[in-house]
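> Sequence plus the predicted model coming up.
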Amino acid sequence: MRWATAGALLAVAVVVGACSSDHSSAPEPVTTSTGPSAAPNVAVSPSPSPSPTSPAEIAGQRAVAAYVGLWQAMAKASHTSNWKSPDLARYASGLALQVASGSLYADHYNGLVSRGAPVLHPKVTSVSPPEAPTTVMVFDCADSTNWLQYRTNGTLVDDEPGGRRAVTSEVRLHQDGSWKVTRFAVEALGSC
C-alpha cells in the first residue's frame with residue numbers, strides 16, 4: 001500500500017519528533033484543485049483562517065499548501081508510478097523528496113500503480129520562530145480509503161482496505177522563499 005511503502009522507507013531514514021496538538025476532531029474535507037497538475041480527487045479540510053494576519057499564520061498557510069501539494073503530486077504520480085515527476089521537487093526536498101520518489105520507484109519496479117487519492121485533514125501544530133517562521137510542523141489524520149494500489153494488470157495488490165493514518169510533517173522555508181516538506185512520518189493504519 002502506498003502509505004505503508006512511504007512510511008516504511010521513512011522510518012528507516014528519520015523519525016520526526018512528536019508534536020502536541022489536538023488530533024481528536026477533524027473538520028469535514030472539501031475537494032480542492034490547484035491547477036492542471038493537481039490530482040483531481042485529493043480532498044483537504046478547509047483553512048481555519050481565510051486571511052492570515054501574523055507571520056506565524058502566513059507561514060502556517062504556506063506550509064499546509066506545500067504539504068497538500070506534495071500529497072497531490074504523490075497521488076497524481078502514483079497513477080503511473082512516475083518517480084521522476086517534477087511536481088515532487090516543487091513541494092518536497094531532502095528526505096521527504098527521497099522517500100516520495102523512492103517509494104514511487106519501488107512501485108514502478110514492482111509493476112504497481114495506485115488509483116484514487118487520499119483525503120487530507122492537515123493542521124499546523126507548531127511554528128518556529130513565531131516572529132519570523134522558518135519551520136512549521138503539520139499533523140494530519142490522512143485517509144487512504146480511496147487511494148489503493150493495483151498491479152498493472154488491474155488487480156488489487158491486496159484485499160486490505162485503506163484507512164486513517166497519522167502523518168507528521170516538517171515543512172521548511174527555503175532560501176528561494178518557497179516552503180517545502182523536508183521530512184514526514186506516516187504511522188500505521190488506524191493510528192488516528
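That came through, no problem. Numbering: from 1, shown residues only.

> Counting neighbours, what do you get for Glu187?
Glu187 has 17 neighbouring residues, counting by other C-beta atoms under 10 Å. For glycine as for every other residue, the C-beta is placed from the backbone atoms N, C-alpha and C.

> whoops, Pro122 was the one
24.

> Then Ser51?
Applying other C-beta under 10 Å, I find that Ser51 has 8 neighbouring residues.

> That one belongs to a helix, doesn't it?
No - counting by DSSP: H, G, I helix; E, B strand; the rest coil, one finds Ser51 to be coil, located in no helix.

> ranges for the strands of the protein?
For the chain, the strands defined by DSSP state E cover 30-31, 43-44, 112-116, 119-120, 123-128, 135-143, 147-151, 164-173, 179-186.

> State the mean pLDDT of the second one.
Mean pLDDT, strand 43-44: 60.

> Just send the strands of the chain back as JSON lines, with distance to Glu57 and mean neighbour count too.
What follows is the strands of the chain, written out as JSON lines (distance: least, C-beta to C-beta, whole Å; neighbours: other C-beta atoms under 10 Å):
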{"stretch": "strand 30-31", "distance to Glu57": "20", "mean neighbour count": "10"}
{"stretch": "strand 43-44", "distance to Glu57": "17", "mean neighbour count": "20"}
{"stretch": "strand 112-116", "distance to Glu57": "32", "mean neighbour count": "19"}
{"stretch": "strand 119-120", "distance to Glu57": "19", "mean neighbour count": "24"}
{"stretch": "strand 123-128", "distance to Glu57": "8", "mean neighbour count": "19"}
{"stretch": "strand 135-143", "distance to Glu57": "11", "mean neighbour count": "23"}
{"stretch": "strand 147-151", "distance to Glu57": "30", "mean neighbour count": "18"}
{"stretch": "strand 164-173", "distance to Glu57": "14", "mean neighbour count": "22"}
{"stretch": "strand 179-186", "distance to Glu57": "13", "mean neighbour count": "24"}
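
> now the farthest one out in the chain, which residue is it?
Asn153 (27.0 Å; C-alpha atoms, centre = their mean).

> That one and Leu112, how far apart?
Relative to Leu112, Asn153 is positioned 11 Å away (criterion: C-beta to C-beta, to the nearest Å).

> All set now, cheers.
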